[in-house]
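> Fold the following, please.
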Amino acid sequence: MFVDEVEIEVRAGDGGRGVVSFRREKYVPRGGPDGGNGGDGGSIWLVAQSNRNTLVEYRYNPLFKADRGAHGEGSRRTGRTADDRVLPVPVGTMVFDGERGDIIGDLPEEGARLLVARGGRGGRGNACFTSSTNQAPRRADDGEPGEERHLRLELRLLADVGLVGLPNAGKSTLLRSVSSARPKVADYPFTTLTPHLGVVGDADEEFVLADVPGLIEGAHQGTGLGHRFLRHLLRTRLLVYLIDVSEASGREPVEDFRILRDEVQQYGDGLERLPAVIAANKIDILYDGERAIHLEQSAKDAGMELWRISAATGEGTRQLIQRLSRKLRELDLEVQAGEVQ
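Below you'll find the model as predicted:
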């Protein structure tokens, strides 16, 4: 099961109590305070692991606790510090405060760690309070409580290029055609119910292509399925608007392009500012060439390139992939030039 958003409670361990203790040794007439400190409570960390791709294990077990520190003992013995608890999450997980909504941190790469609840510090034993004016203190501190937090975990897949299209536009077919990914393909809407990733290109030049469920008008307001997965495109660097230009769709390509652009712009969060190209799909069953010509004019008006392809037969897909690869290199150069300036 693919789960990309969950809410959990984390409770770090409390610190152990300090102890009030005095030495009682034979032939040691004066003795003295020797109460040890309590141990620190365990903290809770999130760690990104590339072998995970879903948050499903946190949906049905939303409470995670770390152990408390051990109490101090006599003879100045400090209590044992509790072990930290580590929660593995997929690479690309973002962490938000569940109450305020503020972002706490991001885990964009393998091995990235984020402290989400700090364990309480152990209390001081009475040996710590000895002074010239108080040589027999009978005071010890309780351990500090561990942090408790309500978190929202949100997975955003890491990909270079994202496919945006209406249901049955051919996104999954294109992903199967140009990569080894095998998303489900069928001739009915909403075949894709979860995002899919595929590695495209050769050993010298590879990039990751993301296919998310199809959008419909009103998706940014929660209509259909795609709105839940638009967040996965936020980490991409380039979008491909995949438009079915064939008569079989029963739709107008120009109108489909308008709907998709409006949904992306309405969703916002920076998605609307990503560079994009248009792929006119299913040209193998296109009979009225004017449909593609009108879409090409809309692409020019929007300042975008248009590539004619057939994901089913492979026609034009190689040229499209080569152009996407070049476009990604150009974006990299722009970023490097900006950093130098």
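> Which parts of the protein are strands?
Assignment of strands within the chain using DSSP state E yields the ranges 5-11, 44-49, 63-65, 85-90, 93-97, 103-107, 113-117, 148-155, 161-165, 196-201, 206-211, 238-244, 276-281, 306-308.
> which one of the ones you listed has the lowest average pLDDT?
Out of the strands of the chain, strand 196-201 stands lowest, with a mean of 81 (criterion: mean pLDDT).
> Can you list the strands that that one pairs with?
Partner strands for strand 196-201, per DSSP bridges, with pairing direction: strand 206-211 (antiparallel).
> The partner strand: which residues count as buried?
Within strand 206-211, the residues that qualify as buried are F207, V208, L209, A210, D211, counting by 16 or more other Cβ atoms under 10 Å. Placement of C-beta: from N, CA and C, glycine included.
> do stretch 31-50 as well
Of the residues in stretch 31-50, 33-46, 48-49 count as buried by neighbour count, 16+ other Cβ under 10 Å.
> Relative to G74, which of those residues is nearest.
Nearest to G74 among those: D34, at 5.6 Å, using Cβ to Cβ.
> Do I have it right that the closest one meets A127?
Yes - under the contact definition of Cβ atoms under 8 Å, D34 touches A127, with a separation of 5.4 Å.
> which residues are common contacts for those two?
With contacts taken as Cβ atoms under 8 Å, 6 or more residues apart in numbering, the residues that reach both D34 and A127 are S21, R76.
> Residue for residue, what is the longest helix this structure has?
Among the segments of the chain that qualify as a helix by DSSP state H, the longest is helix 317-340.
> what's the angle from that one to strand 276-281?
180 degrees (axes from the mean of the first three to the mean of the last three Cα atoms, to 10 degrees).
> Quick check: buried residues in helix 317-340?
Of all the residues in helix 317-340, those buried under the rule 16+ other Cβ under 10 Å are T317, L320, I321, L324, S325, K327, L328.
> got it, and stretch 57-70?
Y58, F64, K65, A66, D67, R68, G69, A70.
> Stretch 139-158 too?
Neighbour-count burial for stretch 139-158, with 16+ other Cβ under 10 Å as criterion, is recorded at 140-147, 149, 151-158.
> Likewise for stretch 107-122?
In stretch 107-122, residues buried by neighbour count (16+ other Cβ under 10 Å) are L107, A112, L114, V116, A117, R118, G119, G120, R121, G122.
> Would you mind writing the CA trace of that stretch as CSV?
This file holds the C-alpha atoms of stretch 107-122, laid out as CSV (Å, rounded to 0.1, in the frame of the first residue of the first chain):
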residue,chain,number,x,y,z
LEU,A,107,15.1,14.4,4.6
PRO,A,108,16.2,14.7,0.9
GLU,A,109,19.0,12.1,0.8
GLU,A,110,20.0,8.7,2.1
GLY,A,111,21.2,8.8,5.7
ALA,A,112,19.8,12.2,6.5
ARG,A,113,18.8,12.5,10.2
LEU,A,114,16.4,14.8,11.9
LEU,A,115,15.9,15.1,15.7
VAL,A,116,12.2,15.4,16.3
ALA,A,117,12.0,14.9,20.1
ARG,A,118,14.8,15.5,22.5
GLY,A,119,15.1,13.4,25.6
GLY,A,120,15.0,15.0,29.0
ARG,A,121,18.2,15.7,30.9
GLY,A,122,18.8,13.6,34.0
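> so L107 touches L115, yeah?
No - in this structure, L107 is not within contact of L115 by Cβ under 8 Å, at 11.8 Å.
> sorry, back to before: want to throw the buried residues of strand 206-211 into a markdown table with distance to E99?
Written out in a markdown table, the entries for the buried residues of strand 206-211 read as follows (distance: Cβ to Cβ, whole Å):
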| residue | distance to E99 |
| --- | --- |
| F207 | 38 |
| V208 | 34 |
| L209 | 37 |
| A210 | 31 |
| D211 | 34 |
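> quick check, nearest of the residues you listed to L271?
In terms of Cβ to Cβ, no member of the buried residues of strand 206-211 lies closer to L271 than A210, at 12.6 Å.
> Who's the closest spatial neighbour of that closest one, skipping the chain neighbours?
A159 (3.6 Å; Cβ to Cβ, 6 or more residues apart in numbering).
> was I right about that neighbour contacting V199?
No - because the distance of 9.9 Å does not satisfy Cβ under 8 Å, A159 is recorded as not touching V199.
> which one of those two has more residues nearby?
Neighbours were counted for A159 and for V199 using other Cβ atoms under 10 Å; A159 has more, 25 against 14.
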